[in-house]
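Participant: output the structure for:
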Amino acid sequence: MDVFPDFGGVGGAAELRSIVGALLTFVLIIAVLMLIVCAIVWAIGASSGNYQAATKARTGLWVSVGAAALAGAGVAWMNFLLALGTQL
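Facilitator: Numbering: from 1, shown residues only. From the prediction side, this is the model:
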């Protein structure tokens, strides 16, 4: 019995890949800019004795590193799922 679904009949994989790639690129750019700003504020706050600002900047720095890591993992996960879908 040779009955299989036609996975080529569903279009939009290329558009989905480009949209997700553009959104995740935007997230990575914002995360890197946030990382730079938070590092500068952390350095200024620590050197001027404003430890509350330094602590908040350090938290922001870790959040930006986490966002960049999740965005990078999101690209890898999306590419894996799209490649897996073509093999089914």
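
Participant: strands of the chain, start to end?
Facilitator: According to DSSP state E, the chain carries no segments that qualify as strands.

Participant: low-confidence bits of it, can you list those?
Facilitator: Filtered on pLDDT under 70, the chain yields the residue ranges 1-11, 13, 86, 88.

Participant: and residue 84, how far from residue 53?
Facilitator: Using Cβ to Cβ, to the nearest Å, residue 84 is found at 46 Å from residue 53. C-beta: built from backbone N, CA, C; applies to glycine.

Participant: the two: which has the busier surroundings?
Facilitator: Just comparing residue 84 and residue 53: by other Cβ atoms under 10 Å the higher neighbour count belongs to residue 53, 15 against 9.

Participant: around the spatially closest residue to residue 50 that is not a sequence neighbour, how many other residues sit close by?
Facilitator: Using Cβ to Cβ, 6 or more residues apart in numbering and skipping the chain neighbours, the partner closest in space to residue 50 is residue 44 (8.0 Å). Neighbours of residue 44 under the rule other Cβ under 10 Å: 13.

Participant: same check on residue 36?
Facilitator: When neighbours are counted by other Cβ under 10 Å, residue 36 registers 12.

Participant: and residue 57, by the same measure?
Facilitator: Neighbours of residue 57 (other Cβ under 10 Å): 21.
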